[in-house]
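# predicted coordinates and the sequence they were generated for:
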Protein chains: 2
Amino acid sequence: MAGSAPRTGSERKTDVLAKLDARHADAWVASASSAGKAHLVPLSYAWDGERIILAIQQTSATARNITASDRARLALGGTRDVVMIDATLDAVVELERASPQLADGYAQQADWDPRSAGGGYVFVLLLPERIQAWREADEIAGRTLMRAGAWLV
Amino acid sequence: MAGSAPRTGSERKTDVLAKLDARHADAWVASASSAGKAHLVPLSYAWDGERIILAIQQTSATARNITASDRARLALGGTRDVVMIDATLDAVVELERASPQLADGYAQQADWDPRSAGGGYVFVLLLPERIQAWREADEIAGRTLMRAGAWLV
């Protein structure tokens, strides 16, 4: 991207939505325990237009942290084409209680179906609260695209 | 990597050290506030053979979190060629108190010199405590390469 001009907010939003819609992609998911210990793992995700959907082992540190703190911070993309998302917990849905729309939508986008993974998974639905996107230092200005759950662009 | 056999522990250690030694590379750095809020940012890093060196703005959430909790969790590499590092804080060193070896070593590997960045940065030195490396599901077994600060391979 060296030499290219900083993207406009509108271009960045388009790129963010493309990443949210990407098939078979992973997010870095950071969460924290109530004791203040950070956890970080790569996880497949899906996007239903409003919420980021993760399928997480119910007993994992990530599931416990997000359930306790009601929030997570996610990164999509590489370290020099970053989308940072601060999200709040919308719902935790047991697989057997998930609607076909939710479960099939996740399986289709993530290219992996937790219903065939032998149990122990839950869907964790996260609502983006703040979204930032930047590539290099010249894109730090204007990096905030969503604030308090509302797109700014 | 599809189709290749799972790497041995020794091969993984070699790959981890190559990532730690990589020039102009970024780590995903997760930290948590004492209130249990996770933070996550991409940061340039260097490796002196024992410690991961970050240069962080002193007032940033990451610096505050690591200073308060004495720990961070880092990811090197992509989501399907992962190195996960749980690290403890060894020292926070103000730029003007950093040895030339530390500051020059960081600048050389990171390809960026915080001494010319206009102030406000500190070096944060992190000691790996646990290191795990995996690519796909077939590498989950055997992923732990360092425990309690000691290489297992």
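Perfect, thanks for sending it.
# how about the residues of chain A that lie near chain B?
Residues of chain A found near chain B (CB under 8 Å from any CB of the partner chain) are A:26-28, A:30-42, A:65, A:68-69, A:71-75, A:78-80, A:82, A:84. The C-beta positions use only the backbone N, C-alpha and C, and glycine is treated the same way.
# strands - which of those land there?
Members of the residues of chain A next to chain B lying in strands (criterion: DSSP state E): A:26-28, A:30-32, A:38-42, A:71-75, A:82, A:84.
# tell me who's in contact with residue A:139.
Residue A:139 makes contact with A:6, A:7, A:12, A:133 under the criterion CB atoms under 8 Å, 6 or more residues apart in numbering or on different chains.
# which of these sit farthest apart?
Based on CB to CB, the longest span within these runs between A:6 and A:133 and measures 10.9 Å.
# please say which of the two ends up with more neighbours.
residue A:133 (25 against 18; other CB atoms under 10 Å in any protein chain shown).
# would you map the helices across chain A?
Per DSSP state H, chain A carries helices over the ranges A:9-21, A:61-69, A:100-110.
# can you tell me how far residue A:153 is from chain B?
Relative to chain B, residue A:153 is positioned 22 Å away (criterion: CB to the nearest CB, to the nearest Å).
# tell me how many other residues surround the residue nearest to that residue when sequence neighbours are not counted.
Closest residue to residue A:153 apart from its sequence neighbours, by CB to CB, 6 or more residues apart in numbering or on different chains: residue A:9 at 3.6 Å. Taking other CB under 10 Å as the neighbour definition, residue A:9 ends up with a count of 16.
# contacting residues for residue A:9?
Neighbour list for residue A:9: A:142, A:145, A:152, A:153 [criterion: CB under 8 Å, 6+ apart].
# and the residues you listed, which are buried?
A:142, A:145 (16 or more other CB atoms under 10 Å in any protein chain shown).
# pLDDT for the contacts of residue A:9 - can I get that in JSON lines?
Shown next, in JSON lines, are the contacts of residue A:9 (pLDDT from 0 to 100):
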{"residue": "A:142", "pLDDT": "96"}
{"residue": "A:145", "pLDDT": "98"}
{"residue": "A:152", "pLDDT": "97"}
{"residue": "A:153", "pLDDT": "94"}
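# closest to residue B:120 among the contacts of residue A:9?
The shortest approach to residue B:120 among the contacts of residue A:9 belongs to residue A:142, at 21.5 Å (CB to CB).
# tell me how far the closest one lies from chain B.
Taken as CB to the nearest CB, the spacing of residue A:142 relative to chain B amounts to 18 Å.
# that residue against residue A:6, yeah?
Yes - taking contacts as CB atoms under 8 Å, residue A:142 lies within contact range of residue A:6: 7.1 Å.
# list the contacts for the nearest residue to residue A:52 once chain neighbours are set aside?
Taking CB to CB, 6+ apart as the measure, residue A:52 lies nearest to residue A:126, with 4.5 Å between them; neighbours along the chain are not counted. Residue A:126 makes contacts with A:51, A:52, A:53, A:54, A:66, A:72, A:74, A:87, A:88, A:89, A:90, as judged by CB under 8 Å, 6+ apart.
# which members of these are classed as buried?
With neighbours counted using 16+ other CB under 10 Å, the contacts of residue A:126 contain these buried positions: A:51, A:52, A:53, A:54, A:66, A:72, A:74, A:87, A:89.
# pretty sure the first one sits against residue A:125.
Yes - taking contact to mean CB under 8 Å, the distance of 4.7 Å between residue A:51 and residue A:125 places them in contact.
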